[in-house]
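Asker: generate coordinates for the sequence data below:
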Amino acid sequence: MTTPPDIDAMPDLPGDLGRSRWVSVAGTVGLQIGMLAAVLGIWEVLTASEIIPHYLLPRASEVLTTLWADVVDIVTGGTMWVHFYTTLIEILLGFVLSVLIGVAVGALLAEFPPLQRATYPYVVAANATPRIAFAPLIVIWFGFDYASKVVMAVAIAVFPVIVNTMAGLAATDRDDIRLMRSLGATRSQILWRVRLPTALPYLFAGFETAMLFSAVGAVIGEFMAGNAGLGYVTLLAQELFRLDDAFSAIALLSVQGFLLHRLVVVARKRLVFWQADTGSPK
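Answerer: As a prediction, this is how the structure comes out:
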């Protein structure tokens with residue numbers, strides 16, 4: 001007599017895998033929403049009961065009301081849309097330039113070891129220097145418009161790209177390089193067909209960091225010489241003691257940076273599809 005199969009020991013079907021994945025994602029999102037609700041609830045209790053004075057921290061409900069009004073203003077093309085769009089363009093331009101410059105410099109240093117040995121100490125020293133110390137000079141050199149904010153974003157975000165590009169290119173298997181050379185491949189062919197594809201996981205790690213650092217640089221630039229942007233709104237609201245407006249602008253900056261970072265993560269998953277995803281929870 002044939003023994004019936006053990007249902008629990010049978011492998012999951014594709015449909016079961018899809019359902020289990022959605023259940024896992026839903027559970028993670030639920031935990032994140034629950035954590036946010038708990039933080040907002042504690043915040044509201046502490047400020048409503050005056051345990052934390054109102055002049056130090058506005059009530060969570062006031063911040064949420066202001067944030068909703070700002071979101072509606074952005075969607076309808078009001079004043080906040082101008083500030084949101086300004087910061088968005090500064091971040092994106094800073095990120096793109098950081099990627100272009102960082103990959104080019106990192107590849108150049110990795111391809112020519114003597115040049116790397118000659119210049120790398122200065123690259124490290126420049127990275128160790130707080131870029132905010134150069135902020136007044138950047139304003140003098142590039143003015144009060146987009147340029148100074150983009151330059152500040154690049155100054156902060158380019159170094160992770162350089163370092164990760166060098167690390168990724170150095171991680172190429174030497175046997176693969178020897179094989180390509182035995183087949184008559186040139187240096188540029190080895191770079192484009194072997195070394196850069198191998199370095200993609202490292203490159204995207206640098207890109208993710210650069211996106212976040214670009215946002216930091218853009219906001220620092222707006223603090224130093226801004227007349228528009230979410231950083232400018234935050235600084236102006238703090239000077240006027242309109243703390244609910246300041247927290248609303250900070251929340252918009254957080255959401256903006258998070259969404260831009262997620263775009264880089266999605267691009268990594270599409271282009272580096274062979275790499276197992278062992279990073280942070282989705």
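Asker: so what's P197 up against?
Answerer: Contact criterion C-beta atoms under 8 Å, 6 or more residues apart in numbering gives no residues in contact with P197. Every residue, glycine included, has its C-beta placed from N, CA and C.
Asker: which SSE is it in?
Answerer: helix 196-225 (DSSP states H and E).
Asker: average pLDDT for that helix?
Answerer: Helix 196-225 shows a mean pLDDT of 88.
Asker: what is the distance between it and the centre of its chain?
Answerer: Distance of helix 196-225 from its chain centroid, counting by C-alpha atoms, centre = their mean, to the nearest Å, is 6 Å.
Asker: what's the answer for stretch 108-116, then?
Answerer: For stretch 108-116, the distance to the chain centre is 28 Å (C-alpha atoms, centre = their mean).
Asker: cool, stretch 140-158 as well?
Answerer: 18 Å.
Asker: return the set of buried residues in it.
Answerer: For stretch 140-158, a neighbour-count test (16 or more other C-beta atoms under 10 Å) marks 142, 146-158 as buried.
Asker: could you do stretch 72-84 as well?
Answerer: Under 16+ other C-beta under 10 Å, the buried positions of stretch 72-84 are 73-74, 80, 83-84.
Asker: include distance to T234, pLDDT and secondary structure when you put those into CSV, please.
Answerer: What follows is the buried residues of stretch 72-84, written out as CSV (distance: C-beta to C-beta, whole Å; pLDDT from 0 to 100; DSSP: H, G, I helix; E, B strand; the rest coil):
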residue, distance to T234, pLDDT, secondary structure
D73, 16, 90, helix
I74, 15, 90, helix
M80, 12, 89, helix
H83, 10, 91, helix
F84, 12, 92, helix
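Asker: and the furthest pair within the buried residues of stretch 140-158?
Answerer: Greatest spatial distance in these: Y146 and V158, 17.4 Å, computed using C-beta to C-beta.
Asker: just name the lowest-scoring one in the buried residues of stretch 140-158, pLDDT-wise.
Answerer: The minimum pLDDT among these falls on Y146, with 82.
Asker: that residue touches E90, doesn't it?
Answerer: Yes: using C-beta atoms under 8 Å, Y146 makes contact with E90 at a distance of 6.2 Å.
Asker: now do the shared contacts for those two.
Answerer: By C-beta under 8 Å, 6+ apart, no residue touches both Y146 and E90.
Asker: can you give me how far stretch 63-76 is from the chain middle?
Answerer: 23 Å.
Asker: follow-up on the earlier one: so of the buried residues of stretch 140-158, which ones are in strands?
Answerer: Assignment to strands by DSSP state E places none of the buried residues of stretch 140-158 there.
Asker: closest to R117 out of these?
Answerer: V158 (20.4 Å).
Asker: identify the residues contacting that closest one.
Answerer: Per C-beta under 8 Å, 6+ apart, neighbours of V158: 97-98, 101-102, 105, 210.
Asker: what subset of those is buried?
Answerer: 97-98, 102, 105, 210.
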